[in-house]
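Participant: my questions are about this predicted structure, shown below with the sequence.
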Amino acid sequence: MGRYVFKLPDVGVGTAEAELVGWHVKVGDRVEEDQILADIMTDKATVELTSPVAGTVTAAHGEPGQQLAVGSPLVEFEVEGAGNVAAEAASTSATPVSAPEPKAEAPKVEAAPAAASVSGANYVFKLPDVGEGTAEAELASWHIKVGDRVEEDQILADIMTDKATVELTSPVAGTVVALHGEPGQQLAVGGPLVSFKVEGKGNVAASVPASAPSTASRSPSPVENGGGSKSAASAPPPRAGEGDPAKRGGGGEVTRTLSARNERPLASPAVRQRARDLGVELQFVPGSGPAGRIEHGDLDAWVASGSHGSSASGSSTSTYARAEGTTETRIIGVRRKIAEKMAESVRRIPHITYVEEIDVTALEELRAHLNATRTKDQPKLNVLPFIARAMVVALRDQPTINSHYDDEAGVLTTHAAVHIGIAAQTPNGLMVPVVRHAEARDPWDTALEIARVSGAAKDGSAKRDELTGSTITITSLGTLGGVIHTPIINHPEVAIVGPNKIAERVVVKDGQMVVRKMMNLSSSFDHRIVDGHDAAVFVQRIKGLLEHPATLWMG
């Protein structure tokens, strides 16, 4: 057996680093040649890296969202054949070099120690059967660390079984002495998971029955001390009247009172949280589960009986549950690139926004006529090809607006060709595919190209040159409505145009109140390059062309 190190290739054009977006493999996986290993982000394109060899993954370097240096180790494999090899990745593929590179062996995960081998531990919680007779399960993540003080029913870890994640909770209160396993590792059912220091307990290894709950947020019943272990399956049966609706009295009363049950009611964290939301004290709820454990169905029955708000004081609360907690989402990949680009644009460019309303009644009549008479090979037209054409014509008089501004070098580059970016919402976030040479396209060709590049961006097949190189951008919120918006310039461009929804409005025309189809056009300009007067002239020129659409292709 040998070791093979696959290094991060140059996935861009001379880039020094790239962002790791996500893993498709984990330590211990058997990988075939050309199998996808990871997604790497460069600029606004995601690159799938595939394995150059077949072998077993022994180490995966980096976390999603981390910037990795080109040429640094990415994945280490155990492969059939010769000794240690460091894979040097070329810009397009990764090929192992022939000379061996001395390198420390990938760390191996040792088997979990027995209870007696963990110093200071006197209670060992073993992994229950979280599936249906499964022999092992994957440790997805820890919610605790060594040294933490843990309360009973506190979540310890997430365990993966099939495609469901199970939250394991602590059967005891104590201090964590050792955690047995790393995220991504396959653990044997019945093997040690967490070692605790528990006050008042001798050395006890917690055994879990094969029928331990596999529902999310369920945990085994606490294991009692006393020279051995005792599980939920061997706990005493429910008291008379518990879990039996027939034993309830009228008006939601039950035969058991708070004084009749001194121990803490058995229930999962999810049931406890739901009871708190409903204002229900679990001491009064009969449990139908093992050892009187209160299930969701017991809580439902209690609420249905009209006693959902009952407490020792007889008070009641609303039937609506309160929302609690927060969710943290790490911003990585395309979303992070978008955030960085938007922040850079706003930070570096002093925006001036100009909004004008345009009467598009004649344009809509022309568009309807062209759609009604189009041939089979011609696409159905929306308003974007006409706006693109109006921009092309207006830029003939103001070519400076079709420019890139390098503010660091103090250089303005004005382009003869009009490459129009089309801001498109995709499953991965906002992208700007490019319609190149819009000045040379008729409305149908423009519509076809807009549909092609936008579709490629949305399905993830867009190439790098289809997502870069725009000289001016259209961002359309038309179908979503809205009166105006303030578009953010696509740096290093100096202008962006954003049509809003077309709607019928009552306007005054030739002294008469008439209903016309109107559209607001919102636009932003780099005020360092485009003065307010020039911005207004540009938009007014677009307005005139769209209100008299016959002039769009005249010359």
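Facilitator: Received it, and whenever you're ready, just let me know what you need. Numbers count the residues shown, from 1 in each chain.
Participant: how near is residue 121 to residue 145?
Facilitator: Per C-beta to C-beta, to the nearest Å, residue 121 is found 15 Å from residue 145. All C-beta atoms are positioned from the backbone trio N, CA, C, and that covers glycine.
Participant: between these two, which one's more packed in?
Facilitator: Shown here are residue 121 and residue 145; by other C-beta atoms under 10 Å, residue 121 has more neighbours (24 against 8).
Participant: which residue sits closest to that one, ignoring its sequence neighbours?
Facilitator: Using C-beta to C-beta, 6 or more residues apart in numbering and skipping residues adjacent in sequence, the residue nearest residue 121 is residue 195, 3.7 Å away.
Participant: strand partners of whichever strand or helix holds that neighbour, parallel vs antiparallel please.
Facilitator: Secondary structure assigned from DSSP states H and E places residue 195 in strand 192-197. Within its sheet, and counting by DSSP bridges, strand 192-197 is paired with strand 123-126 (antiparallel), strand 174-179 (antiparallel).
Participant: which of the ones you listed is buried the deepest?
Facilitator: Per residue and on average, the most neighbours among the strands paired with strand 192-197 fall to strand 123-126, with a mean of 25 (mean count of other C-beta atoms under 10 Å).
Participant: immediately after it, which helix or strand?
Facilitator: Strand 123-126 is succeeded, C-terminally, by strand 136-142 (DSSP H and E).
Participant: list the buried residues in that next one.
Facilitator: 137, 138, 139, 140, 142 (16 or more other C-beta atoms under 10 Å).
Participant: spit out the contact partners of the third one.
Facilitator: Contact analysis of residue 139 by C-beta atoms under 8 Å, 6 or more residues apart in numbering lists 157, 158, 159, 160, 181, 182, 183, 184, 185, 186, 187.
Participant: mind putting those in CSV, secondary structure and pLDDT included?
Facilitator: As requested, the contacts of residue 139 are exported to CSV (DSSP: H, G, I helix; E, B strand; the rest coil; pLDDT from 0 to 100):
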residue, secondary structure, pLDDT
157, strand, 88
158, strand, 82
159, strand, 83
160, strand, 76
181, coil, 89
182, coil, 88
183, coil, 85
184, coil, 78
185, coil, 85
186, strand, 84
187, strand, 87
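Participant: now those as TSV including distance to residue 432 and neighbour count?
Facilitator: Listed next are the contacts of residue 139 as TSV, based on distance: C-beta to C-beta, whole Å; neighbours: other C-beta atoms under 10 Å:
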residue	distance to residue 432	neighbour count
157	42	23
158	38	17
159	42	25
160	38	18
181	45	22
182	41	12
183	37	14
184	37	19
185	42	17
186	43	15
187	46	20
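Participant: okay, these in JSON lines with distance to residue 297 next?
Facilitator: As requested, the contacts of residue 139 are exported to JSON lines (distance: C-beta to C-beta, whole Å):
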{"residue": "157", "distance to residue 297": "26"}
{"residue": "158", "distance to residue 297": "25"}
{"residue": "159", "distance to residue 297": "24"}
{"residue": "160", "distance to residue 297": "26"}
{"residue": "181", "distance to residue 297": "33"}
{"residue": "182", "distance to residue 297": "37"}
{"residue": "183", "distance to residue 297": "33"}
{"residue": "184", "distance to residue 297": "35"}
{"residue": "185", "distance to residue 297": "35"}
{"residue": "186", "distance to residue 297": "33"}
{"residue": "187", "distance to residue 297": "31"}
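Participant: closest one of the residues you listed to residue 286?
Facilitator: Nearest to residue 286, judged by C-beta to C-beta, of those is residue 159 at 29.9 Å.
Participant: roughly how far apart are the closest one and residue 181?
Facilitator: Distance from residue 159 to residue 181, by C-beta to C-beta: 10 Å.
Participant: name the residues contacting each of these two.
Facilitator: In contact with both residue 159 and residue 181: 139, 187, using C-beta under 8 Å, 6+ apart.
Participant: wouldn't residue 430 be in contact with residue 339 here?
Facilitator: No. Residue 430 is beyond contact range of residue 339, at 10.2 Å (criterion: C-beta atoms under 8 Å).
Participant: out of those two, which sits in the more crowded spot?
Facilitator: Set residue 430 next to residue 339 and count neighbours by other C-beta under 10 Å: residue 430 wins out with 17 against 12.
Participant: now do the helices in this protein.
Facilitator: Ranges of helices in the chain, per DSSP state H, are 269-278, 296-302, 333-348, 361-373, 384-397, 443-459, 532-547.
Participant: quick one: the last one to helix 361-373, angle?
Facilitator: Comparing the axes of helix 532-547 and helix 361-373 via axes from the mean of the first three to the mean of the last three C-alpha atoms, to 10 degrees yields an angle of 40 degrees.
Participant: quick one: distance of helix 532-547 to the chain centre.
Facilitator: Distance of helix 532-547 from the chain centroid (C-alpha atoms, centre = their mean, to the nearest Å) equals 41 Å.
Participant: ditto for the third one
Facilitator: Computed by C-alpha atoms, centre = their mean, the chain-centroid distance of helix 333-348 equals 17 Å.
Participant: cool, stretch 361-379 as well?
Facilitator: Mean C-alpha position of stretch 361-379 versus that of the full chain (C-alpha atoms, centre = their mean) differs by 40 Å.
Participant: check stretch 503-523 too.
Facilitator: Worked out by C-alpha atoms, centre = their mean, stretch 503-523 lies 42 Å from the chain centre.
Participant: next one: stretch 343-351
Facilitator: From the chain centre to the centre of stretch 343-351 is a distance of 26 Å (C-alpha atoms, centre = their mean).
Participant: give the buried residues for it.
Facilitator: For stretch 343-351, burial by neighbour count (16+ other C-beta under 10 Å) applies to 345, 349.
Participant: and if you look at stretch 409-426?
Facilitator: Quick answer for stretch 409-426 (16+ other C-beta under 10 Å): 412, 415, 418, 419, 420, 421, 422, 423, 424, 426.
Participant: end to end, how far does it reach?
Facilitator: Start-to-end span of stretch 409-426 (C-alpha to C-alpha, to the nearest Å) is 33 Å.
Participant: what's the answer for stretch 525-533, then?
Facilitator: One end of stretch 525-533 sits 11 Å from the other (C-alpha to C-alpha).
Participant: what are the bridge partners for residue 78, then?
Facilitator: Following DSSP bridges, residue 78 is listed with bridge partners residue 3, residue 56.
Participant: what about residue 65, how many residues nearby?
Facilitator: Residues near residue 65, counting by other C-beta under 10 Å, number 15.
Participant: correct me if wrong: it contacts residue 330.
Facilitator: Yes. With contact defined as C-beta under 8 Å, residue 65 and residue 330 form a contacting pair (5.7 Å).
Participant: list the buried residues for stretch 390-398?
Facilitator: Neighbour-count burial for stretch 390-398 flags 390, 391, 392, 393, 394, 395 (criterion: 16+ other C-beta under 10 Å).
Participant: make that stretch 185-201, sorry
Facilitator: For stretch 185-201, a neighbour-count test (16+ other C-beta under 10 Å) marks 185, 187, 189, 190, 192, 193, 194, 195, 196, 197, 198, 201 as buried.
Participant: want to throw the residues you listed into JSON lines with distance to residue 23?
Facilitator: Shown next, in JSON lines, are the buried residues of stretch 185-201 (distance: C-beta to C-beta, whole Å):
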{"residue": "185", "distance to residue 23": "14"}
{"residue": "187", "distance to residue 23": "19"}
{"residue": "189", "distance to residue 23": "25"}
{"residue": "190", "distance to residue 23": "29"}
{"residue": "192", "distance to residue 23": "27"}
{"residue": "193", "distance to residue 23": "24"}
{"residue": "194", "distance to residue 23": "26"}
{"residue": "195", "distance to residue 23": "29"}
{"residue": "196", "distance to residue 23": "32"}
{"residue": "197", "distance to residue 23": "35"}
{"residue": "198", "distance to residue 23": "37"}
{"residue": "201", "distance to residue 23": "40"}
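Participant: so what's the gap between stretch 471-482 and the chain middle?
Facilitator: Its chain's average C-alpha position is 25 Å from that of stretch 471-482, according to C-alpha atoms, centre = their mean.
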